[in-house]
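A predicted structure for the sequence below; I have some questions about it.
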Amino acid sequence: MKEESYDVAIIGGGPAGLTAAIYLGRAKLNSIVLEKAVPGGNAAITDMIENYPGFPDGISGRELSERMRVQAEKFGTKFKILHEVISVDLKGDIKKIKTSNEEINASALIIATGTEWAKLNVPGEEKLTGKGVSYCATCDGPFFKDRTIAVIGGGDSAVDEANYLTRFGKKVIIIHRRDRLRAAKIIQDRAFANPKIDFRFSTIVTEIIGDEFVKALRLRNLNTEEEEILEVEGVFVFVGNYPSTSFLKGQIEMDEAGYIITNERMEASVKGVFACGDVRKKMLKQVVTACGEGATAAVAAQHYIEELKGEEYK
């Protein structure tokens, strides 16, 4: 199996990993980003980011991610796209990272793998994923032109993506298990003012119905226990996230949900290993906080590498 060696390897190319890549490139360290999908992670599939400083009119997640990637490459950081990490060995001074077709050795490791979308885990969901069930409105919204679409969830992502989906669907129905939305007020206001959006509160999905494609949802009202069959042709699920840390199990300290525990320097429990972005245990998961943590992790990793080489901190 092919082997390559670097000063620092970054697993994950979302905003945290991309920012770390920029800082490491400017520090002239031999670094690489391993990204299993596309640079930007979940940010890249976000239609519009309105709270990132410096963009008063907002910026698409894809454009912001691409700008970060270009900036990192400008400073010399290498990228391997569509490279999913299968396992790591964090014992010893050299961290070993195994992908499907090669091994990467690095003196320091930055974990920026972010989170993945949680599933409903109801009958029909797995069978109909890609056949009307989706977890990415930006990716799949155009396939549902003039159709009735259900959005499951009540947080920022769910309500924001419901607004986005009205560009395509003739009707969008937000289904939320609570009696009110959890999204930011400005996002809620847009949804309530949108004539294409309807709501089902205190309601859960118990089954996704369809043979080859989604045809309907079986719903249950949590207050009355009454069931309803709602005809829809698309289902977009936004019911939370879980950290992408399964490949790290048993190797570093994590909380009960699988989020990595670090100190303020982004240092994990294993020396030479750092974590940043949404994969960390923290209060706020936003692009701007991920970028700040990516910068901190990169500088801390730079200091660690300099210490290994016997250099003074700069």
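Everything's here; your move. Numbering: from 1, shown residues only.

ok, residue 276 - contacts?
Residue 276 makes contact with 16-17, 20, 110-112, 262, 266, 290, 293-294, 296-297, according to Cβ atoms under 8 Å, 6 or more residues apart in numbering. For the C-beta atoms, the positions are set from N, CA and C on the backbone; glycine is no exception.

what about 7 Å?
With contacts taken as Cβ atoms under 7 Å, 6 or more residues apart in numbering, residue 276 has the following neighbours: 16, 20, 110, 112, 266, 290, 293-294, 296-297.

how many neighbours does residue 228 have?
By the criterion of other Cβ atoms under 10 Å, residue 228 has 12 neighbours.

so where does the closest residue to it other than its chain neighbours fall, helix or strand?
For residue 228, ignoring the flanking residues on the chain, the nearest one in space by Cβ to Cβ, 6 or more residues apart in numbering is residue 219 at 4.6 Å. Using DSSP states H and E, residue 219 falls within strand 214-221.

picking that back up, helices - which of the contacts of residue 276 land there?
Among the contacts of residue 276, the subset assigned to helices under DSSP state H consists of 16, 20, 290, 293-294, 296-297.

turn these into a markdown table, including distance to residue 143, pLDDT and neighbour count.
Written out in a markdown table, the entries for the ones in helices among the contacts of residue 276 read as follows (distance: Cβ to Cβ, whole Å; pLDDT from 0 to 100; neighbours: other Cβ atoms under 10 Å):
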| residue | distance to residue 143 | pLDDT | neighbour count |
| --- | --- | --- | --- |
| 16 | 30 | 98 | 35 |
| 20 | 34 | 98 | 36 |
| 290 | 29 | 97 | 29 |
| 293 | 35 | 98 | 27 |
| 294 | 33 | 98 | 30 |
| 296 | 40 | 98 | 21 |
| 297 | 37 | 98 | 33 |
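
so can I have JSON lines of the residues you listed showing distance to residue 244?
Listed next are these as JSON lines, based on distance: Cβ to Cβ, whole Å:
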{"residue": "16", "distance to residue 244": "12"}
{"residue": "20", "distance to residue 244": "16"}
{"residue": "290", "distance to residue 244": "14"}
{"residue": "293", "distance to residue 244": "16"}
{"residue": "294", "distance to residue 244": "16"}
{"residue": "296", "distance to residue 244": "20"}
{"residue": "297", "distance to residue 244": "16"}
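
of the residues you listed, closest to residue 36?
Using Cβ to Cβ, residue 16 comes nearest to residue 36 of these, at 14.8 Å.

what about the closest residue to that closest one other than its chain neighbours, distance to residue 114?
Among residues not flanking residue 16 along the chain, residue 277 sits closest, at 2.8 Å (Cβ to Cβ, 6+ apart). Here residue 277 is placed at a distance of 6 Å from residue 114 (Cβ to Cβ, to the nearest Å).

neighbour count winner among those two?
Legend: neighbour count by other Cβ under 10 Å for residue 277 and residue 114, higher for residue 277 (35 against 25).

tell me the contacts of the more buried one?
In this structure, residue 277 makes contact with 14-17, 112, 114, 290, 293-294, judged by Cβ under 7 Å, 6+ apart.

residue 148: which of those residues is nearest?
Minimum distance to residue 148 across the contacts of residue 277 is 31.2 Å, recorded for residue 114 (Cβ to Cβ).

so what's the closest one up against?
Contact analysis of residue 114 by Cβ under 7 Å, 6+ apart lists 12, 14, 41-42, 244, 277-279.

and which of the ones in helices among the contacts of residue 276 is nearest residue 49?
Checking the ones in helices among the contacts of residue 276 against residue 49 by Cβ to Cβ gives residue 290 as the nearest, at 11.6 Å.

give me the distance between that closest one and residue 72.
Plainly put, residue 290 is 14 Å away from residue 72 if you go by Cβ to Cβ.

repeat for residue 3
If you go by Cβ to Cβ, the gap between residue 3 and residue 72 works out to 23 Å.

compare the two (neighbour count), which wins?
With neighbours defined as other Cβ under 10 Å, residue 3 and residue 72 compare such that residue 72 has more, 27 against 9.

that one: which element?
Element membership for residue 72 (DSSP H and E) is helix 61-74.

all strands for the stretch 1-150 of the chain, in order.
When secondary structure is read from DSSP state E, counting those that start in this stretch, the stretch 1-150 of the chain shows strands at 2-11, 31-35, 78-81, 85-89, 95-99, 102-111, 115-117, 133-134, 148-152.

give me the residues contacting the second one.
Spelled out, that is strand 31-35. 6-13, 17, 21, 24-25, 77-81, 83, 85, 97, 99, 104.

next: the last one.
Here strand 148-152 makes contact (Cβ under 7 Å, 6+ apart) with 120, 158, 161-162, 165, 169-175, 205, 217, 230-239.
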